[in-house]
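J.: Structure of the sequence below:
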Amino acid sequence: MFHAKRLVLAHFWVAFIAFFAAILLGEWQMYVRSPLHAWINNPEHYYRSVTAHGTVMAYVLPTLVAMGFGYAITELTLKRPLVGLRWAWTGFGLVIAGTLMAAATTATGNASVLYTFYPPMLANPFYYLGIVLVVVGSWIWVALMSINMYRWRQANKGGTVPLAMYGNLAGAYLWAWTSIGAAVEILVLILPASLGWTDTINAGLARVLFSWTLHAIVYFWLMPAYIVFYTMFPSAIGGRLYSDTMGRVAFALFLVFSMPIGIHHLFADPQVGAGFKFMHAAMTAMVSIPTLLTVFTIVASAEIVGRLRGGRGPFGWVRALPWSNPMMLAVTFAFLMLGFGGAGGLINMSYQLNESVHNTQWVTGHFHLIFGGTIVIMYFMIAYELWPNLRNSLPLSAALIKTQLSLWFGGMMILTMPWHLVGLLGAPRRMAYYDYTHPALQSQAITVIISTFGGLILVISAALFLYILASAKVSRSPVPAYVFSRSVHPDAKTPAVLNEFRLWIAMMIALTVVNYGYPVVQLALTPQAYVPVIPIGAR
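T.: Model (predicted):
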């Protein structure tokens, strides 16, 4: 019996409704700064919208999806009721309270600091307290994942942790560690200044602490998507996973390599030394290893299915794949967007090449392809796959799902490709409006219009997604419990080091200390790093 069904549903509904509101805000932003609309009277409204859009997409949506999906994985793979159900509802309540607090503060114009909230610009303290509540609620989830795993191990001495649960725990531990950077920044530096206890702030230290969170959070966002790749995709297309071990290696390596890379976002910041910038650039390249392992393993899993369906020759198996299957379509789209987004990331991580695209629309195009593209499209598939179990519903319409996925992929490509182009031409991001009558910008006007229409397609796709979920018809008979994919060799012995996390967590912490310890201590001891605070609304 699925005891946490209502809990998971609550997380998903709030996540996806907030997501749709953020999509509407994003399209409005595209429209008002395009040539299709006159300049808005008050650019502050634009920055309120950007802050709300980014906060929901960066914190609220992925946190709620990861939590809800994690609770579902725990019950479905460990085959036992969730331990700590009341605490789970408490964590959910804290996330909702924090979201409402941050949203209200943003809506009133007291928190237009964008989701990165870099000082010395400071929002009203209620915005930061809202973010803290979201993080604390998510820490309850981390604790519950650990407790449930501990209880299962006690009852299954020497048992192999199911792969989906292994990936779920990797995501939880990664989030617990990476969220510390932003939490320390808020509690130690930002809140005291926001509350008026001090009129200066160490802006350099704050940015370094946020970089602790800034890039590793991307892999927290990605972890549910990778769990789908390894544990839902193979069975959904009628096959088995090529290698369970490869999946565990990928999850473990994300723990190790995701953390010590965030300073590559600070290449233009003078307070961080060139040596540490180079170290983070080099470590960023290492994140490609688990990604490439995943691409190989998932393509190999697909090839198994294609050959079982009669595919012959070097590429005949590709034609034989079940292309009418929504999961097949979704993973193909996800890999394409991951490829384009990852290729752009090679520019961003380069100490030299980054200078040409820093703080331009190129960066916006890059992370929208990764997050809005690969990650969100797999969030859709998590909901689609689990919905019959959560709602005891009949199978969802495959035709509608494929239409929705195709619209999302098409809209995301139309949205982001022009951003890459104008980014190379130097168009800055985070601007409320551009003067398209200027000769240097006239040629870019059409690209902004194209992106606006791409955003409109995304709004339609998001609305269709909610319709598909809301219109699910209840089944008269019980729906069988969801079963995650099995590997080709299910009885193969799992290496002990890939059945636990002690080694990987130790490496994660050690690399973080090595790559962040000196810059953090140096900036904390530098009096000249303190600058006057600038409250939102002040001149």
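J.: switch to C-alpha atoms for all contacts and neighbour counts from now on
T.: Noted.
J.: Low-confidence regions, this structure specifically.
T.: 1, 537-539 (pLDDT under 70).
J.: Strands along that one, start to end?
T.: Along the chain, counting by DSSP state E, strands occupy 121-122, 200-202, 530-532, 534-535.
J.: any idea which residue sits dead centre in this structure?
T.: When the chain is reduced to its mean C-alpha position, the nearest residue by C-alpha atoms, centre = their mean turns out to be Trp221, at 2.5 Å.
J.: Could you find the closest non-adjacent residue to that residue?
T.: When the adjacent residues along the chain are set aside, Trp221 lies closest to Pro62, with 5.7 Å between them (C-alpha to C-alpha, 6 or more residues apart in numbering).
J.: gap between the one you found and Leu195?
T.: 29 Å (C-alpha to C-alpha, to the nearest Å).
J.: Also Leu222?
T.: 35 Å.
J.: Show me which of these two is the more surrounded one.
T.: More neighbours sit around Leu222 than around the other of Leu222 and Leu195, counting by other C-alpha atoms under 10 Å; the figures are 22 against 14.
J.: Which residues are in contact with the more buried one?
T.: 371, 375 (C-alpha atoms under 8 Å, 6 or more residues apart in numbering).
J.: And Ala445, by the same measure?
T.: Taking C-alpha under 8 Å, 6+ apart as the definition of contact, the neighbours of Ala445 are 34-35, 436.
J.: Go ahead and confirm Leu7 touches Trp87.
T.: No: in this structure Leu7 lies outside contact range of Trp87 using C-alpha atoms under 8 Å: 11.0 Å.
J.: Compare those two and say which one has the larger neighbour count.
T.: For the pair Leu7 and Trp87, the greater number of neighbours falls to Leu7 (19 against 15), based on other C-alpha under 10 Å.
J.: what separates the more buried one from Leu390, distance-wise?
T.: As judged by C-alpha to C-alpha, Leu7 and Leu390 stand 10 Å apart.
J.: so what sits against both of these two?
T.: By C-alpha under 8 Å, 6+ apart, no residue touches both Leu7 and Leu390.
J.: Who are the contact partners of the residue nearest to the centre of the chain?
T.: Contacts here follow C-alpha under 8 Å, 6+ apart; on that basis Trp221 touches 62-63, 66, 371, 375.
J.: buried ones in the longest helix seen in the chain?
T.: Longest helix in the chain, counting residues (DSSP state H): helix 125-155. By neighbour count on 16 or more other C-alpha atoms under 10 Å, the buried set for helix 125-155 is 125-145, 148-149, 152.
J.: what do you get for stretch 338-348?
T.: Residues 338-342, 344-345, 347-348 are the ones in stretch 338-348 that count as buried (16+ other C-alpha under 10 Å).
J.: again, but for stretch 53-61
T.: Across stretch 53-61, burial judged by 16+ other C-alpha under 10 Å covers 53-61.
J.: swap in stretch 36-50?
T.: Residues of stretch 36-50 classed as buried by neighbour count (16+ other C-alpha under 10 Å): 45-50.
J.: List just the nearest of the residues you listed to Ile17.
T.: Ser49 (16.4 Å; C-alpha to C-alpha).
J.: how many neighbours does the closest residue to that closest one other than its chain neighbours have?
T.: The shortest distance from Ser49 to any non-neighbouring residue, by C-alpha to C-alpha, 6+ apart, is to Leu25 (6.0 Å). Number of residues near Leu25 (other C-alpha under 10 Å) recorded here: 21.
J.: Verify the contact between Leu25 and His53 for me.
T.: Yes: Leu25 is in contact with His53 according to C-alpha under 8 Å; the separation is 6.2 Å.
J.: Could you list the residues in contact with stretch 363-372?
T.: If you take C-alpha under 8 Å, 6+ apart as the criterion, stretch 363-372 is touched by 218, 221-222, 337-338, 340-342, 344-345, 348, 357, 412-413, 415-417, 419-420, 423, 429.
J.: just stretch 393-401 next, same as before
T.: Outside of stretch 393-401, the residues within contact range by C-alpha under 8 Å, 6+ apart are 325-326, 384, 387-388, 465, 468, 472-475, 479.
J.: Please list all residues in contact with Phe257.
T.: 283-284, 286-287, 508.
J.: now swap in Ile23 and tell me
T.: For Ile23, the contact set (C-alpha under 8 Å, 6+ apart) comprises 53, 458-459, 462.
J.: Nothing else from me, thank you.
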